[in-house]
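Colleague: Coordinates for the following, if possible.
(2 chains)
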Amino acid sequence: MLSWTETLDGPRSLITGQNIALVTIEDPGLIEVRGKPRDRALGKALRTLTGSPLPTTPWSSAGTETLRLLWRGPDRWWLLLPRAEAAGVADDLAATCGRKAAVADLTGAHAALRLVGSGAAEALARTCPLDLRSVEPLQARGTTIAEISVTLLRESESVPAWLILVPRSFAEGLARELARAIRTTAALDLFGSRTPPV
Amino acid sequence: MKGRPHRLKPQAGTPFGRLIDRARPLDFRFDGKRLSGVTGDTLASALLANGLRIAGRSFKLHRPRGVLGIGSEEPNALVTVGEGGEKTPNLRATMVPLADGLVAESQNRWPTLRRDFAGVANRFKPLLPPGFYYKTFKWPAALWPFYEKLIRKAGGSGRAPEAADPDRYEHVHLSVDVLVAGGGLAGLCAAEAAAAAGLSVLLAEETARLGGIADGYDGSVDGLFLLDWIRAKVAALAAHPNVHLLTRAPVVALHEQGFAWVVETVTDKTTADVPRERLWKVRARETIVATGAHEKPLVFPDNDRPGVMLATAARLNLRRYAVAPGQVAVVVTSGDEGYRTALDLKAAGVEVERVVDLRLRPDSPMVHIGMAMGLSVSHGSAPVAVRSIWGGATVDSVTVANRLVIEGAALTREIFCDTVLMSGGWSPAAQLVGHLGARLPFDPAIGAFRPADLPLGLQVAGAANGVFDAVDVIEDGWRAGEEAGRRLNPKKKRPQNRMSAEFDVTRDDPSEPVGMLPDPAKRYEQARAFVDFHNDVTVGDLRIALSEGYTDAEHVKRYTTLGIGPDQGKTAHGNSAAILAHLTGIVPTEQPHTTFRPPWTPVSFGVMAGARRGDGFKAARRSPLEQIIRAGSPPVEAVGQWWRPSCYPVDGESEEDAIRREVRAVRSTAGILDASTLGKITVAGPDAARFLDLMVATDVGDLAPGQTRYALFLDDNGFIRDDGMVARLSPTRFLLTTTSGNAARAYDHLEKWRQTEWPDLDAHITDETERWAQVLVSGPEARALVERLDGASTLLSAGSALLEGMVEGVAARIMRARYTGAPSFEIAVAAGYGPALWTRLAEHGATPFGLQTLERLRLEAGNIAIDHETDGTVTPFDLGLGRLVSATKTDFLGRHGLMRADLTRANRKHLVGLVPDDAGLVPPPGTQIVDGPSAHPPRRTSGHVTSSGFSPTRGRAIALALVANGRARMGQTVHVFHAGEARPARITGTDFAMGAL
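Modeller: Purely as a prediction, here's the structure:
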C-alpha cells in the first residue's frame, strides 16, 4: 500500500499571533456530487448521509460534526468528510444516487487550512475581497484569497473560524500569502477608536 | 531667491502656528542644503519659513515657481523626496509632512533651481506655442528618436528612482455601507448622519488631519468655536463602532457599483513588515463625495511669479505654521476670502498695501469688517502687470487698473510689494464624480463646474457640491448622510441632526465669477497670463489652439497640455472653461470639461502592485510530486502557472546532454515523467456520450467501456483549440485529458456549452485535475516496469486501453498512450499517493525525464503539441489529422466553420517534417521558410518552423513546419532563414522515429 503525502505537511500550526492562528489540517475527504436538486434518488441518498434535506440555498450547508454537505452550485454539491471514509462513501453514493446524478471522489484535489481567532477578519481583509459580514455560520462562499480561488466555510458562531479549501496545487502559495498577511504588524484596527488630529 | 525668514515670532493670543511645535526643531535637506523647520510643518511651509520662494521650475518654459496652494491642488512645488529605492518624484511639497532628516530635491532644473540652464526656454516663449513639437520635429522623420531624447530631457517632471523599491505595499479589502470621501466639515457631518442611521461608514481623508480648511475661518457653532465643535464631532465618530476613520488616505478612484480605491500612506512605518502604503479596495453601497473645493487663481499677466500665492493658502500657512508669505502684500480678490486673508496678515504684522477687489460694489459683511479694521481697499480694479527685477524670481510690484473704463485709457497704479495673494472664488473639487462617467455642468454663477446629475449610489456634499459657507456645508453634509440612510435603510426612524440656533460664522457674498483678466488685455499680456501653472498654458496658448481649429475642450487639452500632469489641472479647469467659453463665444453653461479620470492624485506603482511582485507576482501551482522532482533543482519552465522540470541533469551534465540521455533511456529502456499537470475532466450522466459527440470533432460516442481514442477539440470556427485522449470509463462516464495549460479553460469551455446550448442534456462535468497524481511510464520496458507494481499485472492482462482498479493497494487508473512514439502507460493515483508511486517506479529503475525530453520524443514521433503546431488558425486537415474529424456526425462544434471556403482550399499550410541539409542546424521555432534564397526582400514566406530539435535517435536535427501546400511538396528543398542566412532543408513526412527520413 502506498503512503499518503499531506499537501501541507500534515496538521500543524503555521503561524500564531495574539488573536489568530493559521492551522493546516489533514487533506480532507472530498466528494463532488452533480445532479438536479429535484432528483428524488439523489435527495434521498444524501439525506440518508447527512440527516437533513439537500441544501439548495446558495452557499448553505448541512451535515454533522464530521460530515458536511455544501451547496456549490445549482446542480453541484461538495461532501466533506474524513479522508479514510471518502472512497467507501463515494462508492455507496454512486450506487444509490440514481442514474441521472454523478458522483466523483475528489479526495486529494483540495487541501484545507483553518483560520481561527478574532484576528481572522483582519487577515482576510488583507487577502480576500469577500464581505465577511454577509456570511452566516455554516455558510460558505466561493471567493479568492491572494487571487487564488478558494472555498471559504464559516465554521462556528462563537469563535471566528474559517475553513479554507484550496486546490492542492495552490495550497502552498496560499499558505505563504496568508502567513505574510498575518505577520504584517501594522494592525488595521478596523472600526477601532483611533482619533485623528483636527 | 532667498528672502528673509518668514516664520512669525511666537505671540501669545494670536491664532497663528496652531499645528507647529517650535520647541521641536527638525533638520532637513533641500537640494543638498541643510535647512531647519519645526515639528508640524509641511515641506512647503518649511521652505517658505526658510525664505525659499522658488520651489520648482515649470514643465515647459522652466519659469521659476513658488508654492501656490495648500494641498493636493499644488501645481508648482513638485519635489522628489527620499533617496535610493525609496525616492519618490512629483510629490507636492504641500502634502509632504516634514520629518527629521528628510531629503528633498527640486525638479526640472539644471544645474540649480536659481540658475537653470533650460530657463532660456522662457525667452523663446513666442517660438514655443502649443503644438510646437508636432510642428517642428516632423522633419526629417528619421531624426525623431534624437529629438525625443532632447525633449524628454528638457521637459518633464521628476525622474523615477533607479534602484528597486525596498518597501512593502499591501491591498486591503473593506465592504461598508457608506464611503465618505473627504474629512472636512461636510464629510464629518455626512459620516455622523450615516452612522446615526445604523450604517457602517468609512471616512477617508487626504490630509493628515480632519476638519478640512475650517481652521481658516472664525466663528462658533452650537456655542463652541468651530475647531472645538469639529474636535467633538471627530471624537464621537472615532468612538463609534460603525465608523472607520482614515487620514492621509485620499479616495483616488471611484468605479462602478460602489467600488473605490483609497490609497493610505502608513504613518507608523517602524519595521520592515509594515507596508509603506496601503491600497484600500472599498466596496460601498453608497458613496458621498465631500472633497471640498479649490481656490481659483486669478488670471493676469505674470500671475505665476514666485510670491504670487492663493489667498486662502497664505492664510492657512499663517494659522497652521505661522509662516507669512512675505513682508509687504497686495491682496487681489473677486470675493470675500481675500478680506479674511488680509485681516490675518495684518494681525500677523505683515504690511497689507491694498486689497484690490474686482467687484464694483461689494457689500458683504466681510467687506465692511475689513474696512472697519482699516484695510485699504480698491473696488472695481484688477491687476494688469507684475514687475520682477530679478529675472522673474521675485515680485517687486503689481500694477492695478480700473476695470470699468468709460473713455480713454484705464487708470493704473503700481503698488510696490513682495507678495501678491489672489482669490478667484472656489471651484468644487468633485472630480471623483467624473470617474463614473458623470459630466459636471458649468455653473456661471460660481465660474466653475458643479456636480448635477449623479449616478445611482453617489452623492456630493459641501463645497464639492458648490455650497461654500460653513453653516451650509454642515447642513449639506448631514443631508447627504441622512439621504444615504434613507436609501439603504428606508424603514428605520432616525433622529435629525440639527444645529442649535446658536451659530456665528460670517457668511460670504458670492465671489464674482471672473475668467480672464484684465478684460481687455493685449496679446502679449495674454501670452503671460497663466491658466495652467504646471503645464505653462496661458490665455494666449488657448487662443492659438482655438484659432488653429481645436475648439473642443478635449482637443484643446491634447494640443496645449492643459490640465494634464500630477496636479491634473485642479487649479486650472474652472478658469480655463470660463476663458474658452469667452474666447469661442459659446454660452458658458455649454462649455464641457475634459474627462476626469482616475487617479485623483498620483498613485505609486508600488501600491498598485501591492503584494503582487517578486515571488508573489503570480501564484505558482505545485504538482503533487513537486518535492521529489524539484529536489535536485532541475531547470524548469513555465507551463501555464506550473513550473515543470525541463530535464534532470546529473553529474554536471548540460541541459542538452541530459535531454539526449533521457531520450535514449526512453527509447531503449523506460522513463518516467510527471504528468500530473495534464487536465483530467470527467463527463458523466445518461447523455454524456451525446454531449461529448457534440463537443469533440472526433467520434467518441461509439467507444466501448475501456476504450480510448485520441481526439481533437475545435472552436466554433473549426480551428483546433486542444487535443487529448477521450476514454470511456463506463457506459455513462467518460474521461477527457487535456493539455496542462488548457485544463481550466477546457472545463469552462465544456460548462459554458452545456449550460448555454444544451442545458437539457443529463451530463455532469467534473474537473478532476487536482485529484490525480499521474506518472507517464514510457519505453520498450514500460510494461514490464508497470507490471512490477502490486496488482498492475492482473489489471493489464484485461487488455483494455483504460483500466480502473487497485494498484499498490490504492485506487488507480492506467491508460495506454503513444505520444512519445514508444509504448507508454499513464498511471494515475489520488494526489497524496503520487510521491510514493513515483518513488516506487524510480526504485524499479525508471529514468526520470523532463518536459524538454518529452518534447524531443514527441517531435521524433511527429506528434503535435498544442500552441506549437497550432496557433488558433490551424485546422485538423492542415495537420494531416483529418481522420480525427468525424465524417458521420451530423453536428459537432466547429463542423460548420470547417466548411468555409478558406479552410478547405488546397494551398493552405500543411504540417510537414523538415530536415536541414546541415545535420547540426536546429532552426528555432518561428524560423521563416522561403522557397528561393536569392529572392530580394520583401520575400514571400511559404511557412515557418513550429518545433525543432536534435534527434538523439536519428543523430541529426529535425523539425516540424507548416508549409504552404506542403504535403504536395515531399522531397523538395526549401530554405530556412537562420541567423540572417538562408539554409537549405528538405521537406519530409512527419514520423521521424518511423523512418520518415
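
Colleague: Chain neighbours aside, what residue packs nearest to B:Ile864?
Modeller: Once flanking residues are discounted, B:Ile864 sits nearest to B:Leu879: 5.7 Å by CB to CB, 6 or more residues apart in numbering or on different chains. From N, CA and C alone the C-beta is placed, and that goes for glycine too.

Colleague: helix, strand or coil for that neighbour?
Modeller: coil (DSSP: H, G, I helix; E, B strand; the rest coil).

Colleague: in its sheet, what does whichever helix or strand B:Val777 is part of sit against?
Modeller: Assigned by DSSP states H and E, B:Val777 belongs to strand B:772-778. Using DSSP bridges, strand B:772-778 pairs in its sheet with strand B:671-674 (antiparallel), strand B:824-830 (antiparallel).

Colleague: Tabulate the ones you listed (JSON lines), appending mean neighbour count.
Modeller: Output for the strands paired with strand B:772-778, formatted as JSON lines (neighbours: other CB atoms under 10 Å in any protein chain shown):
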{"stretch": "strand B:671-674", "mean neighbour count": "28"}
{"stretch": "strand B:824-830", "mean neighbour count": "25"}
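
Colleague: can I have stretch B:440-455 written out in CSV, keeping just the CAs?
Modeller: Only the C-alpha atoms of stretch B:440-455 are listed here, as CSV (Å, rounded to 0.1, in the frame of the first residue of the first chain):
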residue,chain,number,x,y,z
LEU,B,440,-20.4,68.2,-14.4
PRO,B,441,-22.2,71.2,-15.9
PHE,B,442,-20.5,74.6,-15.8
ASP,B,443,-22.2,76.9,-13.4
PRO,B,444,-21.7,80.5,-14.4
ALA,B,445,-22.8,81.7,-11.0
ILE,B,446,-19.6,80.3,-9.4
GLY,B,447,-17.5,80.2,-12.6
ALA,B,448,-16.7,76.5,-12.1
PHE,B,449,-18.0,73.0,-12.7
ARG,B,450,-20.5,71.8,-10.2
PRO,B,451,-21.9,68.3,-9.9
ALA,B,452,-25.6,67.9,-11.0
ASP,B,453,-26.9,64.6,-12.4
LEU,B,454,-25.3,61.9,-10.3
PRO,B,455,-25.2,58.2,-10.9
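
Colleague: what does that stretch contact?
Modeller: B:289, B:293, B:296, B:424-428, B:430, B:433-434, B:436-439, B:460, B:464-466, B:510-511, B:513-515, B:573-575, B:577-578, B:581, B:588-593, B:596 (CB atoms under 8 Å, 6 or more residues apart in numbering or on different chains).

Colleague: Among those residues, which are located in strands?
Modeller: B:289, B:293, B:426-428, B:460 (DSSP state E).

Colleague: what does the strand holding B:Val777 rub up against?
Modeller: By CB under 8 Å, 6+ apart, strand B:772-778 touches A:108, B:623-625, B:666, B:670-676, B:678, B:680, B:785-786, B:813, B:817, B:819-820, B:822-835, B:837-838, B:841, B:846, B:854, B:857.

Colleague: quick one: which of the residues you listed sit in helices?
Modeller: B:666, B:785-786, B:834-835, B:837-838, B:841, B:854, B:857 (DSSP state H).

Colleague: among those residues, which are in reach of chain A?
Modeller: B:834-835, B:837 (CB under 8 Å from any CB of the partner chain).

Colleague: Pick out whichever of those residues sits closest to chain A.
Modeller: Of all those, B:Pro835 has the smallest distance to chain A: 4.6 Å, by CB to the nearest CB.

Colleague: ok, the closest one - contacts?
Modeller: Here B:Pro835 is in contact with A:5, B:624-625, B:627-628, B:773 (CB under 8 Å, 6+ apart).

Colleague: How about the secondary structure of the residue nearest the centre of chain B?
Modeller: For chain B, the residue nearest the mean C-alpha position is B:Met608 (6.3 Å; CA atoms, centre = their mean). Assigned with three-state DSSP, B:Met608 falls in the helix class.

Colleague: Could I get the contacting residues of the nearest residue to it once chain neighbours are set aside?
Modeller: Spatial nearest neighbour of B:Met608, excluding adjacent residues (CB to CB, 6+ apart): B:Leu279 at 7.0 Å. By CB under 8 Å, 6+ apart, the contact set of B:Leu279 is B:169-172, B:261-264, B:607-608, B:610.

Colleague: among the contacts of stretch B:440-455, which ones are buried?
Modeller: Neighbour-count burial (16 or more other CB atoms under 10 Å in any protein chain shown) is assigned, among these, to B:289, B:293, B:296, B:424-428, B:430, B:433-434, B:436, B:438, B:460, B:464-466, B:510-511, B:513-515, B:573-575, B:577-578, B:581, B:588, B:591-593, B:596.

Colleague: mind listing which of those are in helices?
Modeller: Filtering the buried ones among the contacts of stretch B:440-455 for helices - DSSP H - leaves B:433-434, B:573-575, B:577-578, B:581.

Colleague: Number of residues surrounding the nearest residue to B:Asp273 once chain neighbours are set aside?
Modeller: Nearest residue to B:Asp273 in three dimensions, chain neighbours excluded: A:Thr185, at 4.7 Å (CB to CB, 6+ apart). Residues lying near A:Thr185 (other CB atoms under 10 Å in any protein chain shown) number 13.

Colleague: so what's A:Thr185 scoring on pLDDT?
Modeller: pLDDT recorded at A:Thr185 is 81.

Colleague: again, but for B:Gly616
Modeller: pLDDT, read off for B:Gly616, is 84.

Colleague: what's the helix or strand for B:Val874?
Modeller: With DSSP H and E as criterion, B:Val874 is part of no helix or strand.

Colleague: And the residue lying closest to it once chain neighbours are set aside, how far from B:Ala968?
Modeller: Leaving aside its chain neighbours, B:Val874 sits nearest to B:Ile720 (5.6 Å; criterion: CB to CB, 6+ apart). In this view, B:Ile720 and B:Ala968 are 22 Å apart by CB to CB, to the nearest Å.

Colleague: Those two - which one has more neighbours?
Modeller: B:Ile720 (25 against 13).

Colleague: What's the PyMOL line that selects buried ones from the contacts of strand B:772-778?
Modeller: For the buried members of the contacts of strand B:772-778, the matching PyMOL selection, counting by 16+ other CB under 10 Å, is:
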select buried, (chain A and resi 108) or (chain B and resi 623+624+625+666+670+671+672+673+674+675+676+678+680+785+786+813+817+819+820+822+823+824+825+826+827+828+829+830+831+832+833+834+835+837+838+841+846+854+857)
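
Colleague: Okay, strands next: where are they in chain A?
Modeller: Under DSSP E, chain A gives strands at A:12-16, A:21-24, A:29-34, A:61-63, A:68-73, A:76-81, A:102-105, A:110-116, A:140-145, A:148-154, A:161-167.

Colleague: One more: the stretch 601-750 of chain B?
Modeller: When assigned using DSSP state E, counting those that start in this stretch, the strands of the stretch 601-750 of chain B occupy the ranges B:636-639, B:642-645, B:671-674, B:679-684, B:708-714, B:720-730, B:733-738.
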